[in-house]
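Chemist: here is a sequence together with a model predicted from it:
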Amino acid sequence: MSLFVVDHEKCKKDNICVDECPTRIIMEDETGIPKPVKNAEEFCIRCGHCVAVCPYGALSHTAMIPDECPPVQKELLLSAEHVEHVLRSRRSIRTYKKEPVDRETITKLIDIARYAPSGHNTQPVRWHIIYDHEEVQKLAGLVVDWMRFLLKEQNALATSFHMDRVVKGWDAGMDPICRNAPHVIVTHAPKGDLAAPAASTIALSYLDLAAPSFGLGACWAGYFNTAGSTWPPMQEALGLPEGHTCFGAMMLGSPKYAYYRLPLRNEPEITWC
């Protein structure tokens, strides 16, 4: 079976799919109709660009057909002003309500985040949800144990990251690790997957930006992520699949407070060449 088929009646021979194919595996035949190049199956990354970019729905890929791909709804696209406001108003949430987020909403957030780009469309990101708050606190305690170890064995490094203050806060009954968030979302993938670190970061960023539209807030859990990828007791407790490692962690919950202003940031440093 061919990698893709073209409806000759719908095709306008406009060369758009040829131009847009990331791996250049589409060419025109002698009549101007798109066709796969030799060994196209080997190099195709199943990104769906060819299906998505055709205005007429003329091209059907073995991995997807036009009818399976929802149309872009122009009325739902954000203006530049909307995008700027959304991005500038986004806050890292560190104070949460105690109520848990229902699993359906978290699943919907991940369903949105899975559309984040990944290198060569490998889509390596896998999701691990620490849903129970007691389990979140148990893992936060392991992160503190990791910090105690570093303060003893690599004190200069640990104190440069203020781990001494974090441990004191924990011992005083606070939670500087997960901020008493009801849930933590972990992204993971095979340890040697070169695309996974960036893909995980981008996917979690998608989730972070989508969260406010559900009335939720998120915050990167840096200490949690680092312990999850380096500290054996933490790795064991996470229980990720064999050969997988933690590539990102994010707290999630309902914000306890609202924000009313857009804080300032440094001016960008830009060079041109």
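Modeler: Yep, that arrived. Numbering: from 1, shown residues only.
Chemist: all contacts plus neighbour counts: C-alpha atoms, from now on.
Modeler: Will do.
Chemist: just the strands from the stretch 1-150 of the chain, written as ranges.
Modeler: Residue ranges of the strands in the stretch 1-150 of the chain, as given by DSSP state E, counting those that start in this stretch, are 4-6, 26-28, 34-36, 59-61, 126-130.
Chemist: turn these into JSON lines, columns for distance to Gly239, mean neighbour count and mean pLDDT.
Modeler: As requested, the strands of the stretch 1-150 of the chain are arranged in JSON lines below (distance: least, C-alpha to C-alpha, whole Å; neighbours: other C-alpha atoms under 10 Å; pLDDT from 0 to 100):
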{"stretch": "strand 4-6", "distance to Gly239": "40", "mean neighbour count": "17", "mean pLDDT": "95"}
{"stretch": "strand 26-28", "distance to Gly239": "43", "mean neighbour count": "19", "mean pLDDT": "96"}
{"stretch": "strand 34-36", "distance to Gly239": "43", "mean neighbour count": "21", "mean pLDDT": "95"}
{"stretch": "strand 59-61", "distance to Gly239": "37", "mean neighbour count": "21", "mean pLDDT": "97"}
{"stretch": "strand 126-130", "distance to Gly239": "9", "mean neighbour count": "17", "mean pLDDT": "98"}
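Chemist: format those as a markdown table; extra columns: distance to Asp145.
Modeler: Shown next, in a markdown table, are the strands of the stretch 1-150 of the chain (distance: least, C-alpha to C-alpha, whole Å):
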| stretch | distance to Asp145 |
| --- | --- |
| strand 4-6 | 54 |
| strand 26-28 | 55 |
| strand 34-36 | 56 |
| strand 59-61 | 51 |
| strand 126-130 | 19 |
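Chemist: looking at the ones you listed, which is nearest to Gly253?
Modeler: In terms of C-alpha to C-alpha, the element of the strands of the stretch 1-150 of the chain nearest to Gly253 is strand 126-130, at 12.0 Å.
Chemist: who touches the closest one?
Modeler: By C-alpha atoms under 8 Å, 6 or more residues apart in numbering, the residues outside strand 126-130 that reach it are Val136, His183, Val184, Ile185, Val186, Thr187, His188, Ala189, Leu240.
Chemist: quick one: which of those sit in strands?
Modeler: Residues of the contacts of strand 126-130 located in strands (DSSP state E): His183, Val184, Ile185, Val186, Thr187, His188, Ala189.
Chemist: nearest to Val167, of those?
Modeler: Nearest to Val167, judged by C-alpha to C-alpha, of the ones in strands among the contacts of strand 126-130 is Val184 at 19.8 Å.
Chemist: Met251 versus the closest one, what's the distance?
Modeler: Spatial separation of Val184 from Met251 under the definition C-alpha to C-alpha, to the nearest Å is 4 Å.
Chemist: mutual contacts of those two, please.
Modeler: Residues touching both Val184 and Met251 by C-alpha under 8 Å, 6+ apart: Cys178.
Chemist: Phe4 and Ile65 touch, don't they?
Modeler: No. If you go by C-alpha atoms under 8 Å, Phe4 and Ile65 don't touch, sitting 9.2 Å apart.
Chemist: overlap in contacts, these two.
Modeler: Joint contacts of Phe4 and Ile65 (C-alpha under 8 Å, 6+ apart) are Leu59.
Chemist: tell me how many other residues surround the closest residue to Ile33 other than its chain neighbours.
Modeler: Spatially, and ignoring its direct neighbours in sequence, Ile33 is nearest to Lys13 (5.8 Å; C-alpha to C-alpha, 6 or more residues apart in numbering). Per other C-alpha atoms under 10 Å, the neighbour tally for Lys13 reads 14.
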